[in-house]
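Chemist: heads up, no residue letters with this:
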């Protein structure tokens, strides 16, 4: 799903079927989700800044930023949406066996920026670079300082072996990216995160786009309208 700025801009200028792409300035609100383009999948708006207020407003409405270096901020809300309901987490026999080894430590929020930078440098199938730019790292570190963005880290022999980061609002968690340097280290972090969130009454984890890896762990696609309905309910609730 890689589109140049020129391709995206043409989508806006020529108003391709499926909806319009709004050009945002500092004060512009996000358009309704149903205005997102069908192709590319879920592109909703261009521009704006990655301020804490803008990012939190985006997440509250089921929107997330994703863009390449040198491009303006691109805002997305795909249909369908990949989600993981905590009670539907799947743990394979091999992963269960790995979890029981106990040769690791899982920590929360002790190396947030390191996790983001590791996610940025992790190789991705079909991707030549990363969307986790320096601008993104700075923006999410600000969210972390404000208590909204969190990291889950797997440590082995006192070294960061894997982990993930995301944003938590109400009873929703929005997963952003994960990485591993040791086999299963990211899965270990995810299992501990899901169990932690379930204990807090978090009802849904946003996984954004479909991957075979997430599907193997129990994530599945739901229509965007259904996602938005669950989101509105869960965002408004306080955690246990």
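Modeler: Thanks, I have the structure now. All of these numbers come straight from a predicted model, not from anything done at the bench.
Chemist: what's the first-to-last distance across stretch 170-186?
Modeler: End-to-end distance for stretch 170-186: 24 Å, by Cα to Cα, to the nearest Å.
Chemist: Where does pLDDT dip in this protein?
Modeler: By pLDDT under 70, the low-scoring segments of the chain are 1-20, 124-129, 240.
Chemist: can you map out the strands along this protein?
Modeler: According to DSSP state E, the chain carries its strands in the segments 22-24, 43-47, 64-65, 74-76, 81-84, 105-108, 149-156, 159-169, 172-180, 204-208, 220-222.
Chemist: and the last one, what does it pack onto?
Modeler: Packing partners of strand 220-222 (3 or more Cβ pairs under 8 Å, 6 or more residues apart in numbering; DSSP states H and E): strand 81-84. To be clear about C-beta, it is placed using only N, CA and C from the backbone, and glycine gets the same treatment.
Chemist: Could you check the angle the longest helix belonging to the chain makes with strand 204-208?
Modeler: Ordering each helix of the chain by length in residues (DSSP state H) puts helix 185-199 first. Following axes from the mean of the first three to the mean of the last three Cα atoms, to 10 degrees, one obtains 140 degrees for the angle between helix 185-199 and strand 204-208.
Chemist: domain assignment for the protein?
Modeler: 5-78, 82-235 (automatic domain parsing).
Chemist: buried set for stretch 196-205?
Modeler: Buried positions in stretch 196-205, judged by neighbour count with 16 or more other Cβ atoms under 10 Å: 196, 197, 202, 203, 204, 205.
Chemist: now do stretch 180-200
Modeler: So, applying 16+ other Cβ under 10 Å, buried residues of stretch 180-200: 180, 184-194, 196-197.
Chemist: Closest one to residue 230 out of those, please.
Modeler: residue 197 (14.3 Å; Cβ to Cβ).
Chemist: Show the contacting residues for the closest one.
Modeler: Residue 197 makes contacts with 86, 173, 205, as judged by Cβ atoms under 8 Å, 6 or more residues apart in numbering.
Chemist: Using CSV, lay out those residues together with distance to residue 131.
Modeler: Shown next, in CSV, are the contacts of residue 197 (distance: Cβ to Cβ, whole Å):
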residue, distance to residue 131
86, 26
173, 20
205, 20
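Chemist: residue contacts, residue 187?
Modeler: Here residue 187 is in contact with 95, 98, 162, 180, 217 (Cβ under 8 Å, 6+ apart).
Chemist: Could you export those residues as CSV, including distance to residue 104?
Modeler: CSV is the format used below for the contacts of residue 187 (distance: Cβ to Cβ, whole Å):
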residue, distance to residue 104
95, 13
98, 9
162, 9
180, 12
217, 18
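Chemist: out of those, which is most surrounded?
Modeler: Greatest neighbour count in the contacts of residue 187, by other Cβ atoms under 10 Å, goes to residue 162: 27 neighbours.
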